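**Student:** Please work out how this folds:
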Amino acid sequence: MPNGKSGRKITVPGISTRLTLLSTRFARFVGPIYKERYGLGRSAWRILASIDRAQPTSAKAIAPQTAVDPALITRAIDLLVKKRYIRRTTDPSDRRRVILRTTTLGARVCREIHEIIQ
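**Tutor:** Sure thing, here's the model as predicted:
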């Protein structure tokens, strides 16, 4: 790999570690903002954003995108439905599957949070 300004080689694991650290620091900074304004923790926010991007979608489909434990996904979806940020409906072609979509309110919350973190 090419040398960085310090003369050290930049390795993929080094980049991965730095990105993880940056992500954690960023979440600590903005997390209280969306918790206070919208009543959402980090997991719920990630799930709402994933649903907004991929709708219509399912809990199973967003699990790999969010890196959130399936039990937490279920709880976050329940919270998002209660707050009227998302709608949960049954797939007419497969009644075992639940379809998730953001509501108008949920889409607005996503836009506002994106504006805050941009």
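**Student:** Does residue 101 touch residue 51 like I think?
**Tutor:** Yes. Taking contacts as CB atoms under 8 Å, residue 101 lies within contact range of residue 51: 7.1 Å. Every residue, glycine included, has its C-beta placed from N, CA and C.
**Student:** Between these two, point out the one with more neighbours.
**Tutor:** Here residue 101 and residue 51 are compared on neighbour count by other CB atoms under 10 Å; more neighbours surround residue 51, at 29 against 16.
**Student:** wait, doesn't residue 110 sit right on residue 48?
**Tutor:** Yes. Contact criterion CB under 8 Å: residue 110 and residue 48 qualify, at 6.3 Å.
**Student:** what residues are shared contacts of those two?
**Tutor:** Shared contacts of residue 110 and residue 48 (CB atoms under 8 Å, 6 or more residues apart in numbering): residue 102.
**Student:** Off-centre distance for the lengthiest strand in the chain?
**Tutor:** As assigned by DSSP state E, the longest strand anywhere in the chain is strand 94-102. Averaging C-alpha positions (CA atoms, centre = their mean, to the nearest Å) puts strand 94-102 18 Å from its chain's average.
**Student:** Contacts for that strand, please.
**Tutor:** Against strand 94-102 from outside (CB under 8 Å, 6+ apart): 48, 51-52, 55-59, 62, 77, 85-91, 110.
**Student:** Please repeat the previous calculation with a cut-off of 6 Å.
**Tutor:** By CB atoms under 6 Å, 6 or more residues apart in numbering, the list of residues contacting strand 94-102 from outside reads 51-52, 55-58, 86-89, 91.
**Student:** Between residue 110 and residue 48, point out the one with more neighbours.
**Tutor:** Each of residue 110 and residue 48 has its neighbours counted (other CB under 10 Å); residue 48 has more, 29 against 19.
**Student:** Could you point out the helix or strand that follows the host helix or strand of the more buried one?
**Tutor:** Using DSSP states H and E, residue 48 falls within helix 42-54. Scanning forward in sequence from helix 42-54 by DSSP H and E, the next helix or strand is helix 59-66.
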